[in-house]
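> everything below, folded, please.
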Amino acid sequence: MAESDLVAAATMLGQASRVVIFTGAGMSVESGVPTFRDALTGLWQRYDPQALATPEAFHADPELVYGWYEWRRQAVRRAEPHAGHRAVAAIEARAPHAVLITQNVDDLHERAGSVAPLHLHGSLFAPRCSRCSHPVPVADDTTPEPTEGRRTPPPRCPRCAAPVRPGVVWFGEALPPEVLEAAVEAAANCDLLLTVGTSGLVYPAAEIPQVAARRGATVIQINPLPTPLDAVARVNLYGPAADLLPALVHAAWD
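Numbering: from 1, shown residues only. Got it, this is the predicted structure:
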């Protein structure tokens with residue numbers, strides 16, 4: 001990465017009047033959070049993660065699916081936000097009308113200081129009833145950890161007694177319409193979109209930077225490797241978000 005690219009990106013960020021930050025799995029990986037298919041242990045080694053992440057799988061074996069998601073949630077709780085997450089919160093605090101959109105289902109942005117990220121794919125920390133969608137408080141983190149693969153009976157909804165499901169978007173399900181609408185509106189009305197740690201391959205979320213580019217916004221990409229978004233980005237900064245985002249904030253405002 002040329003120093004001139006960082007300076008150019010920082011100048012554009014500092015001058016922008018409406019900023020969107022769009023983050024993907026790369027942000028969480030830098031905190032040590034396993035990706036969707038990584039680090040499967042014990043019982044779960046026998047299953048295809050994609051096959052578990054469906055409404056049909058939950059209906060067929062709710063204890064298996066809920067146990068797997070509890071394992072994922074508790075893995076996230078052991079992780080810590082990195083400097084890139086804190087830099088995103090700093091951008092939100094300093095840039096006018098900033099909106100954070102994330103594809104990640106963890107709470108690392110919130111723990112780093114972000115106030116109200118738009119979770120396109122839901123959250124491991126927002127379980128809800130599988131029948132009536134009533135939100136249910138997340139389980140106490142003192143519960144035994146299903147590290148080696150433990151079936152976990154899901155709690156029951158206090159309203160209708162149906163099993164509680166993880167608050168994530170499964171394969172075959174639509175993104176939350178109100179969240180997607182807010183994300184598209186933010187992208188369509190921003191003048192700068194910063195995309196961080198996303199492959200640009202998972203649709204419909206991958207359309208968000210494209211919406212901003214089509215409406216004339218400047219797109220800046222931070223990613224360790226080239227992605228399909230290279231073609232629409234005004235500046236491509238290649239490297240870890242934990243290094244590049246703090247440097248970008250420093251160059252833009254300090």
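> just give me how far the lowest-mean-pLDDT helix or strand in the chain sits from the chain centre.
Within the chain, no helix or strand scores below helix 49-52, which has a mean of 80 by mean pLDDT, DSSP states H and E. Centroid displacement of helix 49-52 relative to its chain, using CA atoms, centre = their mean, to the nearest Å, is 19 Å.
> give the buried residues for it.
Leu52 (16 or more other CB atoms under 10 Å). The C-beta positions use only the backbone N, C-alpha and C, and glycine is treated the same way.
> so what does the spatially most central residue of the chain look like in phi/psi?
Central residue of the chain (CA atoms, centre = their mean): Asn104, 1.7 Å from the mean position. Main-chain dihedrals, Asn104, degrees, to the nearest 10: phi -80, psi 150.
> now it. Nearest residue, chain neighbours left out?
Counting by CB to CB, 6 or more residues apart in numbering, Ser28 is the residue found nearest to Asn104 once chain neighbours are left out, at 5.2 Å.
> show me what the helix or strand hosting that neighbour is packed up against.
In this structure, Ser28 sits in helix 25-29 according to DSSP states H and E. Using 3 or more CB pairs under 8 Å, 6 or more residues apart in numbering; DSSP states H and E as the contact test, the elements touching helix 25-29 are helix 108-112.
> low-confidence regions, this protein specifically.
1, 36-45, 139-149 (pLDDT under 70).
> domain parsing for it?
Domain assignment for the chain by automatic domain parsing gives 1-32+81-123+175-254, 34-78+128-165.
> which of these is buried the deepest?
domain 1-32+81-123+175-254 (a mean of 19; mean count of other CB atoms under 10 Å).
> return the distance of that domain from the chain's centre.
Counting by CA atoms, centre = their mean, domain 1-32+81-123+175-254 is centred 11 Å from the centre of its parent chain.
> Gly122 and Val105 touch, don't they?
Yes: using CB atoms under 8 Å, Gly122 is in contact with Val105, at 5.8 Å.
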